[in-house]
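1. sequence unknown, structure follows:
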C-alpha cells in the first residue's frame, strides 16, 4: 500500500519534494511504500529498504562491483543483479542516512565508463534479510 509523500527534511538538511524527486538529482525517482509516515516520526536512524533500477550504460562496465564498493563504504546490506533487459537491480537495507549516501554514490557521477541515466528507487519496509552486500547472478 502506498501513502502520500510528505515534504520532510532529511538528515542532510535537504527537503524531499512531494513528487518524490530530489531537488539536486531530478533523475532519481522515489516512491514511498510506508503505510504511515509523517514528518513527526522522521528519524536519521530509521531503517529502510530500497529497490532501485539503474538504466544507462550499467552492464559490462563493472557497475555491479562499483555498487558493491559503494554499499560497503556506506554500510548498507543487500545485493545487486544484472537484468535481461540491460538494467541493473539494486536492493539495499540500512539506516535512512546510510541509504541516502549509498544512493548518491551509485549514481556514479563523473565516472568515465559507467553512465546511469535513470535510477528509479522504491522504498519499503526493511525485513533484516541481509547481513552483507553481494552480487547475485
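-> Arrived safely. Just so we're clear, the structure is a prediction, and the values are computed from it rather than from any experiment.
2. verify the contact between residue 126 and residue 91 for me.
-> No. Counting by C-beta atoms under 8 Å, residue 126 does not reach residue 91; the two are 10.5 Å apart. Bear in mind the C-beta positions are built from the backbone N, C-alpha and C, glycine included.
3. check contacts around the closest residue to residue 70 other than its chain neighbours.
-> Of all residues not flanking residue 70 in the chain, residue 105 sits nearest, at 3.9 Å (C-beta to C-beta, 6 or more residues apart in numbering). Contacts for residue 105 were tallied using C-beta atoms under 8 Å, 6 or more residues apart in numbering; they are 70, 73, 74.
4. switch the cut-off to 10 Å
-> 66, 67, 69, 70, 71, 73, 74 (C-beta atoms under 10 Å, 6 or more residues apart in numbering).
5. ditto for residue 48
-> For residue 48, the contact set (C-beta under 10 Å, 6+ apart) comprises 32-34, 76, 92-96, 98-100, 123-126.
6. please redo it, this time with the cut-off set to 7 Å
-> Contact analysis of residue 48 by C-beta atoms under 7 Å, 6 or more residues apart in numbering lists 96, 99, 123, 126.
7. does the second one touch residue 76 like I think?
-> Yes. The pair residue 99 and residue 76 qualifies as a contact (C-beta atoms under 7 Å) at a distance of 5.9 Å.
8. may I ask which helix or strand encompasses residue 121?
-> Secondary structure from DSSP states H and E places residue 121 in strand 115-124.
9. and the very next helix or strand once past that strand, what does it pack onto?
-> Downstream of strand 115-124, the next assigned helix or strand under DSSP H and E is strand 133-135. The helices and strands touching strand 133-135, judged by 3 or more C-beta pairs under 7 Å, 6 or more residues apart in numbering; DSSP states H and E, are helix 63-74, strand 77-82.
10. each with direction, which strands does strand 133-135 pair with?
-> strand 77-82 (parallel) (DSSP bridges).
11. any chance you could list what contacts the strand it pairs with?
-> Outside strand 77-82, the residues touching it (C-beta under 7 Å, 6+ apart) are 59, 64, 67-68, 71, 88-94, 130-136.
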